[in-house]
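K.L.:
prediction below, plus the sequence it came from.
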Amino acid sequence: KAVWMADFMREVAARREVIGFIWFEALKEDDWRVDSSPESLAAFLQGLELPAFATTAPADAAGG
């Protein structure tokens with residue numbers, strides 16, 4: 001699952017027409033929870049570090 005998740009994050013990041021995604025976290029036919037294993041969680045967090053997922057808001061914007 002970690003490999004699939006890493007591939008997914010890279011694929012979404014490479015598609016300029018995609019502006020976001022929603023992760024439906026469920027334990028259904030398969031376990032799609034991000035943190036179902038340490039490897040899956042690491043792959044997801046590494047994917048979020050890709051430049052395509054960088055926030056454009058200043059770091060102190062949330063602090064007011």
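P.N.:
Yes, it's here. Residues are numbered from 1 along each chain as shown.

K.L.:
need the distance between the two termini of stretch 26-46.
P.N.:
The first residue of stretch 26-46 is 21 Å away from its last residue (C-alpha to C-alpha, to the nearest Å).

K.L.:
would you mark the buried spots in that stretch?
P.N.:
For stretch 26-46, the neighbour count (16 or more other C-beta atoms under 10 Å) marks Ser36, Ser40, Ala43, Phe44 as buried. From N, CA and C alone the C-beta is placed, and that goes for glycine too.

K.L.:
which residues touch the last one?
P.N.:
Under the criterion of C-beta atoms under 8 Å, 6 or more residues apart in numbering, the contact partners of Phe44 comprise Met5, Met9, Val34.

K.L.:
next step: the buried residues of stretch 26-46 restricted to helices.
P.N.:
Among those, the ones falling in helices (DSSP state H) are Ser40, Ala43, Phe44.

K.L.:
check what pLDDT the closest residue in space to Phe21 that isn't next to it in sequence gets.
P.N.:
Spatial nearest neighbour of Phe21, chain neighbours left out: Val12 (5.7 Å); criterion: C-beta to C-beta, 6 or more residues apart in numbering. Note for Val12: predicted pLDDT of 92.

K.L.:
same check on Thr56?
P.N.:
For Thr56, the model assigns a pLDDT of 65.

K.L.:
and the closest residue to Ala14 other than its chain neighbours, how far is that from Leu27?
P.N.:
Excluding the flanking residues, the one nearest Ala14 by C-beta to C-beta, 6+ apart is Ala52, at 7.5 Å. Distance, Ala52 to Leu27, by C-beta to C-beta, to the nearest Å: 28 Å.
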